[in-house]
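> Turn this into a structure:
(3 chains)
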Amino acid sequence: MKKLAPIAVALSLTGPAAFAQEADPALARAAPALAAYDRKTLEGGLWQREGLSPRDRSVISVAALIAGGKTELQRKEFARALDNGVTSGELSGIITHLAFYAGWNHGIAAAQVAADLYEERGIAPDSLPGPDVELLPLNEEVEAARETSVQETYGATAQGVVDFTRNPMFLDLWQRPDLTPRDRSLVTVTSLVTNGQGVQVPFHLNRAMDNGLTQAEASEALTQLAFYANWPNVFGVIPVFQEVFASRGQ
Amino acid sequence: MKKLAPIAVALSLTGPAAFAQEADPALARAAPALAAYDRKTLEGGLWQREGLSPRDRSVISVAALIAGGKTELQRKEFARALDNGVTSGELSGIITHLAFYAGWNHGIAAAQVAADLYEERGIAPDSLPGPDVELLPLNEEVEAARETSVQETYGATAQGVVDFTRNPMFLDLWQRPDLTPRDRSLVTVTSLVTNGQGVQVPFHLNRAMDNGLTQAEASEALTQLAFYANWPNVFGVIPVFQEVFASRGQ
Amino acid sequence: MKKLAPIAVALSLTGPAAFAQEADPALARAAPALAAYDRKTLEGGLWQREGLSPRDRSVISVAALIAGGKTELQRKEFARALDNGVTSGELSGIITHLAFYAGWNHGIAAAQVAADLYEERGIAPDSLPGPDVELLPLNEEVEAARETSVQETYGATAQGVVDFTRNPMFLDLWQRPDLTPRDRSLVTVTSLVTNGQGVQVPFHLNRAMDNGLTQAEASEALTQLAFYANWPNVFGVIPVFQEVFASRGQ
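Down below sits the predicted model:
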């Protein structure tokens, strides 16, 4: 039986910055078939698709790698993100956000990778958003509802967690302007999918869509995550996305 | 809108060893806001709280980092643990225990970090508890019940797992004196929360509380784990803790 | 109370290549008890058991380490796999397969480890299976059923994922001859167990058994995974294996 036709993709060397990325030379030496998939399916396929801007693909990809603590591809994808229009302030904001959502260690690990890249590109620390920024306006009604619900459900068992969830997480971190509300929620959803935490996806996916993420973009985010998180976790979360889509009448 | 007031914490430079830890310089270069959270929320907030001794916070923190295979913060937290009164024998015992509970590779990875630290501090291998130690007395009735239950439930499908679970895990590892029964169970619970394995938490949380862990300490352990494991896994496991607390009439 | 008798194993220095592996020196320096377990329980116990060939144990072990992104033991276990009769083409195939099933980053990370090992052993890249190989014959009926089911269940929500799952995953990757169908399914099951994705185990465990994996081998695979993935995930998946065994009337 002959090899089946590869998926139809335009293998243009003049495509987005994405595809100009060099493959890891270790791939060719240890797994030539994977090196070919990397060129054809990932770079020449996934990254060339419609449905999500290269910039948004980069937001999702770097968030998945940070959330999963997967450092090997971070250098390459952080660089691609900057090339695709993610600002250094946004990347810094993603790292900060995920220190809370995916564990402090993953924030530290990503910061080490980013620090080297920023130095190489001459991005100075004082050009990045610091702790003292003008916060986005808080929707006090929504926050009060969230706080009441969390306090009632979890307060008796874990008051400390509830307290830190309010402040700094929802009163400070979530209101920081280094990420738009849409992107911050998209980053959160990415983290939850990556780490197999589907139960908490609906709240954050709804927030992302309330703030401008379209259903088509959310669907295509799952495609990106199949590669950058992993396939089984994505399959596991498709029904959750489906329910959210249905509940929004879309 | 102005930046909201930070959480009320005493930012004392004369606090516990915890807070004397230097921040990772990469944080300041790549994510200044995260560097500030690291000082204020983690070092100046979490580590200064009542409810759990600095020593117990260290037990939980190093166990979470080992269980999750998160090596970037291990060096810093292993050093802090020794400064906070965790003995080198206990840290060695935690690494050994988690090789079984979180995968052999995570034990090996942690041992590499600890080996360098021990050498630097002049902690000799023969000062650490070796394989030939006087075991703690076994409660044969409890062990017989455990063995019968596991054998009946799992034996037909996976006899090899059942056998190794008995020996060396329950007849040898669990009876080693390098960790107190309370700490060994706390380390196990930490591993389960870190890796999203909530189903097995009740058995081990009950054991920890039977051996002296208070409800207030267990609750505050969740606060520590929000940062050192991750927030969503902690939220996922709060209802499990709640049920255990309720079942104990506490 | 005296130390209990260790499990009965033949501690022969003339055993399989497995046991000739050197222990990590860091183990002896930081955790002498773990070093002893590593010799006695893992090398002298697990690897000496009947029920699964050393070659199959290596397939499972390297797949678990790659799937979990656990790089510390990869060098040692990749070398052992080659010594145990896993060919370099098969190891390369496992890495490629798991880039899809456990996330691209884990494929890249493993390729870096394998590239160094292959160079050291003089294994040339052009001796490895490349992208252009004669594919195994496709069972078009089975594939049509799979495609219809996946399309109907997931297509409306995530068409991109469905498309890549068909091609290249099922029409190309799964038909590659670098792994036998039995091994490819065993590797997939290993990845799912390692990452706590039990829901998707039945489909792939059935495929593995349809293609020659015996129940005894599947059972013993769980024993190997207790050490190379982790104990709690293995306990979590035993009931799933049990149901598959029962449904096959075995």
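> where does chain A dip in pLDDT?
Residue ranges of chain A with pLDDT under 70: A:1-22, A:250.
> How far off centre is stretch A:199-208?
14 Å (C-alpha atoms, centre = their mean, to the nearest Å).
> how about it as PDB, C-alpha atoms only?
C-alpha atoms of stretch A:199-208 as PDB (Å, rounded to 0.1, in the frame of the first residue of the first chain):
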ATOM      1  CA  VAL A 199     -14.600  21.200  35.300                       C
ATOM      2  CA  GLN A 200     -13.500  24.800  35.600                       C
ATOM      3  CA  VAL A 201     -13.600  25.500  31.900                       C
ATOM      4  CA  PRO A 202     -17.200  26.700  31.500                       C
ATOM      5  CA  PHE A 203     -16.800  29.700  33.800                       C
ATOM      6  CA  HIS A 204     -13.700  30.900  32.000                       C
ATOM      7  CA  LEU A 205     -14.800  30.000  28.500                       C
ATOM      8  CA  ASN A 206     -18.000  32.000  29.000                       C
ATOM      9  CA  ARG A 207     -15.900  34.900  30.300                       C
ATOM     10  CA  ALA A 208     -13.700  34.700  27.200                       C
END
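> Please determine whether it lies in contact with chain C.
No: Stretch A:199-208 lies apart from chain C when judged by C-beta under 8 Å from any C-beta of the partner chain; the minimum separation is 11.7 Å. For glycine as for every other residue, the C-beta is placed from the backbone atoms N, C-alpha and C.
> Buried ones in that stretch, by neighbour count?
Applying a neighbour-count criterion of 16 or more other C-beta atoms under 10 Å in any protein chain shown, the buried positions in stretch A:199-208 are A:200-202, A:204-208.
> how close does the residue nearest to A:Leu42 when sequence neighbours are not counted get to C:Ala109?
Closest residue in space to A:Leu42, ignoring its immediate chain neighbours: A:Phe227 at 6.0 Å, by C-beta to C-beta, 6 or more residues apart in numbering or on different chains. As judged by C-beta to C-beta, to the nearest Å, A:Phe227 and C:Ala109 stand 14 Å apart.
> I'd assumed A:Asp38 was in contact with the residue nearest to A:Leu42.
No: contact status for A:Phe227 versus A:Asp38: not in contact, 9.9 Å apart, counting by C-beta atoms under 8 Å.
> overlap in contacts of those two?
Contact with both A:Phe227 and A:Asp38 is made by residues C:Trp104, according to C-beta atoms under 8 Å, 6 or more residues apart in numbering or on different chains.
> on that earlier part again, now what about the helix or strand harbouring the residue nearest to A:Leu42, what contacts it?
According to DSSP states H and E, A:Phe227 maps onto helix A:215-228. For helix A:215-228, contacts defined as C-beta under 8 Å, 6+ apart pick out A:42, A:46, A:49, A:51-52, A:56-57, A:60-61, A:64-65, A:186, A:189-190, A:193-194, A:205, A:208-209, A:233-234, A:237-238, A:241, A:245, A:248, A:250, C:103-105, C:157-161, C:164-165.
> Stretch A:138-155 too?
Here stretch A:138-155 has contacts from A:161-162, A:165-166, A:170-171, A:175, B:1, B:235, B:238, using C-beta under 8 Å, 6+ apart.
> just curious, which of the residues you listed is nearest to chain C?
B:Phe235 (17.3 Å; C-beta to the nearest C-beta).
> Any idea how many residues pack against the closest one?
A count of nearby residues for B:Phe235, using other C-beta atoms under 10 Å in any protein chain shown, gives 21.
> Name the SS class of it, please.
helix (DSSP: H, G, I helix; E, B strand; the rest coil).
> my read: it touches A:Leu192, true?
No: applying C-beta under 8 Å as the test, B:Phe235 and A:Leu192 come out as separate, 10.8 Å apart.
> who touches both of those two?
Joint contacts of B:Phe235 and A:Leu192 (C-beta under 8 Å, 6+ apart) are A:Gln200.
> before we move on, back to that, may I see the buried residues of the helix holding A:Phe227?
The neighbour-count check on helix A:215-228 (16+ other C-beta under 10 Å) flags A:217-228 as buried.
> cool, stretch A:45-57 as well?
By neighbour count on 16+ other C-beta under 10 Å, the buried set for stretch A:45-57 is A:45-49, A:51-52, A:54-57.
> among those, which are within reach of chain C?
Filtering those for neighbours of chain C using C-beta under 8 Å from any C-beta leaves A:45-46, A:49, A:51.
> Just give me the closest of the residues you listed to B:Gly93.
Minimum distance to B:Gly93 across these is 45.6 Å, recorded for A:Leu46 (C-beta to C-beta).
> show me the contacts for the closest one.
Per C-beta under 8 Å, 6+ apart, neighbours of A:Leu46: A:57, A:223-224, A:227, C:164.
> Please enumerate the helices of chain A.
Using DSSP state H, the helices found in chain A span residues A:17-20, A:25-30, A:32-37, A:54-67, A:74-83, A:88-101, A:104-120, A:140-154, A:159-164, A:181-194, A:201-210, A:215-228, A:231-247.
> Dump those helices into JSON lines; add distance to C:Asp126 as well.
Below are the helices of chain A laid out as JSON lines (distance: least, C-beta to C-beta, whole Å):
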{"stretch": "helix A:17-20", "distance to C:Asp126": "25"}
{"stretch": "helix A:25-30", "distance to C:Asp126": "10"}
{"stretch": "helix A:32-37", "distance to C:Asp126": "8"}
{"stretch": "helix A:54-67", "distance to C:Asp126": "31"}
{"stretch": "helix A:74-83", "distance to C:Asp126": "25"}
{"stretch": "helix A:88-101", "distance to C:Asp126": "39"}
{"stretch": "helix A:104-120", "distance to C:Asp126": "33"}
{"stretch": "helix A:140-154", "distance to C:Asp126": "58"}
{"stretch": "helix A:159-164", "distance to C:Asp126": "55"}
{"stretch": "helix A:181-194", "distance to C:Asp126": "35"}
{"stretch": "helix A:201-210", "distance to C:Asp126": "45"}
{"stretch": "helix A:215-228", "distance to C:Asp126": "27"}
{"stretch": "helix A:231-247", "distance to C:Asp126": "29"}
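> who wins for proximity to A:Leu128 among these?
Comparing the helices of chain A by C-beta to C-beta, helix A:88-101 comes nearest, at 4.8 Å.
> wait, does that closest one make contact with chain B?
Yes: judged by C-beta under 8 Å from any C-beta, helix A:88-101 and chain B are in contact via A:92-93, A:95-96, A:99-101.
> Let's have the residues you listed in JSON lines, adding distance to chain C and neighbour count.
Shown next, in JSON lines, are the residues of helix A:88-101 next to chain B (distance: C-beta to the nearest C-beta, whole Å; neighbours: other C-beta atoms under 10 Å in any protein chain shown):
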{"residue": "A:Ser92", "distance to chain C": "21", "neighbour count": "28"}
{"residue": "A:Gly93", "distance to chain C": "22", "neighbour count": "26"}
{"residue": "A:Ile95", "distance to chain C": "17", "neighbour count": "27"}
{"residue": "A:Thr96", "distance to chain C": "21", "neighbour count": "29"}
{"residue": "A:Ala99", "distance to chain C": "19", "neighbour count": "30"}
{"residue": "A:Phe100", "distance to chain C": "22", "neighbour count": "24"}
{"residue": "A:Tyr101", "distance to chain C": "18", "neighbour count": "25"}
